[in-house]
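Colleague: next come a sequence and a model predicted from it.
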Amino acid sequence: MNPTPAEAAATLQLVLVPSPGAGHVFPMVELANQLLNRYPALAVTVCIMKMPFKSTSFDFATYKSSHVDRIKFIDLDPPTLDPNTPPSKRFSSFLEGHAPQVKKILSEHVAASNVSPSVVLDMFCTSFMADAKELGVPSYVFYTFSATFLGLMFQLQALYDEGRFNPVQIKDSDTEFVEISSLKTPIPGNLLPSAVVEPDLLLSLITHTRRTKEYASGILINTFQDFESHAIASLNAGQSQSQTPPPIYPVGPIMELKVKDADHSAGPIMEWLDQQPESSVVFLCFGSMGSFDEEQVNEIAAALEKSGCRFIWSLRRPPPKSGGVKFPTDYEDVTEALPAGFLDRTRGVGKVIGWAPQTMILAHPSTGGFVSHCGWNSVLESMWFGVPVATWPMYAEQQLNAVLLVRELEMAEEIRMSYRKESGEVIKAEEIEKGIMGLMSEESGGERRKKTKEMSEKSRKTVENGGASYHSIGRFVGDD
């Protein structure tokens, strides 16, 4: 690998390895862009993995950067997987299959430069840390979940290794409580996130956590001091685990705020929003994996109709239930998924769409509320734009994000914090309508709206020169 002149002149070298998927790639590439803006002596290499199935992917060829001579994207070849790999192991096997390519890239960086590189790995790419250590390359973890969840994982890993606690045993309980040092108050077992009550996923997360403790030179977390002050303090104090943690760097919020209009026709959506009163529209969107069956769609439709609120609803077709991991897709004709006459009865009041330009909608002054699955990127985006949330978590760590917003920060309305997509439970229209009305009503939602706006201002100040996250990036690079 021959370095470019800019790379050869660099006195700082970083290799970034995100896991595939927009929610992991975009924040890490944006982190790279921020570092390049701030440090002219830095050169960055980003290793891109592509899912073995169709998904929202990162097209690095279209990435717009003013630092094209100092950022390089390497498209990794997908590994050949054993067809007999169990479904629960396929994703981790897919990631780990890239190890030889990542090691080769790190080796070439070590050989080609007088400056020793460092590597920043996605939280699910910790299997590459041993190779990095062998090469003398410091490893850092980029954590795309919350500091609150990181605290929970440090705690669970220590307890699990000692055989003292298995969260799977209390996942449905509303009477057995768990004390989590990264939360101010205990939570019942049914609010533990789906990610830690599914046995195979729990074991995978514990493995990643154990490696992070053993090998990481530091952990960059996509959060900021004012947003998760208690969790960050508990991590810094080492209260979440039985051994000294790696240094913690809260560097967020880091988000991909650019939208490529060429890929999606956002024009009609924005034109409709332009015609609505300020803060009058509730936006319903459930992430790249979010979709519902017919019964749940009917309940959401009934709730929206009864509420009388203006709305934009991102409604996606569920993927087939067999055939491995697949993502929702858009309906050719959305009327096939909706109750008869719904679009006629809500004409002028609401708009049902497929894929949603989420950041554009959240940034629009007419958007006044967000019914969300509480994925961490969506949480950060809603907070950045000052749009309060009604929580409807689905999977992964989202239940804990809902707890943070509703109970810890009192910034969000609850629809159902304990919901788990895998349960197949249907939330009734009355419960959804109550959440929407609580979110959009000035009388009941005014205080939450005020707190969200205040946090929005803090989120912007923290990344400016002199802010806490700006300072954290300086500590990571070593100039602060």
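Modeller: Looks like it arrived, so ask away. Numbering: from 1, shown residues only.

Colleague: the longest helix in the protein is where?
Modeller: Ranked by number of residues, the top helix in the chain under DSSP state H is helix 442-462.

Colleague: tell me what that one is packed against?
Modeller: Helix 442-462 sits against helix 376-384, strand 413-414, helix 429-440, helix 468-477, with contacts defined as 3 or more C-beta pairs under 8 Å, 6 or more residues apart in numbering; DSSP states H and E. Quick note: C-beta positions are derived from backbone N, CA and C, even for glycine.

Colleague: figure out which of the ones you listed is closest to R70.
Modeller: helix 468-477 (14.5 Å; C-beta to C-beta).

Colleague: K458 versus the nearest residue to R448 once chain neighbours are set aside, what's the distance?
Modeller: Spatial nearest neighbour of R448, chain neighbours left out: P388 (4.9 Å); criterion: C-beta to C-beta, 6 or more residues apart in numbering. Noted for P388: a distance of 15 Å to K458, by C-beta to C-beta, to the nearest Å.

Colleague: same question, H24
Modeller: From H24 to K458 the distance is 25 Å (C-beta to C-beta).

Colleague: between P388 and K458, which is the more surrounded one?
Modeller: Per other C-beta atoms under 10 Å, whichever of P388 and K458 has more neighbours is P388, with 27 against 15.

Colleague: any stretches of the stretch 201-350 of the chain with poor pLDDT?
Modeller: Applying pLDDT under 70 to the stretch 201-350 of the chain flags residues 239-243, 258-265, 322-325.

Colleague: the helices in it, which residues?
Modeller: 229-236, 267-274, 294-307, 342-345 (DSSP state H, counting those that start in this stretch).

Colleague: got the angle between the first one and helix 468-477?
Modeller: Okay, so that is helix 229-236. Between the axes of helix 229-236 and helix 468-477, defined by axes from the mean of the first three to the mean of the last three C-alpha atoms, to 10 degrees, the angle is 20 degrees.

Colleague: V371 should be in a strand, yeah?
Modeller: Yes: under DSSP: H, G, I helix; E, B strand; the rest coil, V371 sits within a strand.

Colleague: how does the protein divide into domains?
Modeller: 5-257+463-477, 267-460 (automatic domain parsing).

Colleague: got the contact list for the nearest residue to V334 once chain neighbours are set aside?
Modeller: What sits nearest to V334 in space, not counting adjacent residues and going by C-beta to C-beta, 6+ apart, is V352, at 5.2 Å. Taking C-beta atoms under 8 Å, 6 or more residues apart in numbering, we find V352 in contact with W313, L315, V334, L338, L343.

Colleague: what's the mean pLDDT across stretch 468-480?
Modeller: Per-residue pLDDT over stretch 468-480 has a mean of 90.

Colleague: before we move on, what about stretch 25-42?
Modeller: For stretch 25-42, the per-residue pLDDT averages 95.

Colleague: centre of the chain to it, how far?
Modeller: 18 Å (C-alpha atoms, centre = their mean, to the nearest Å).

Colleague: buried stuff in it?
Modeller: Residues 25-36, 39, 42 are the ones in stretch 25-42 that count as buried (16 or more other C-beta atoms under 10 Å).

Colleague: helices - which of those land there?
Modeller: Per DSSP H, these map to helices at V25, F26, P27, M28, V29, E30, L31, A32, N33, Q34, L35, L36.
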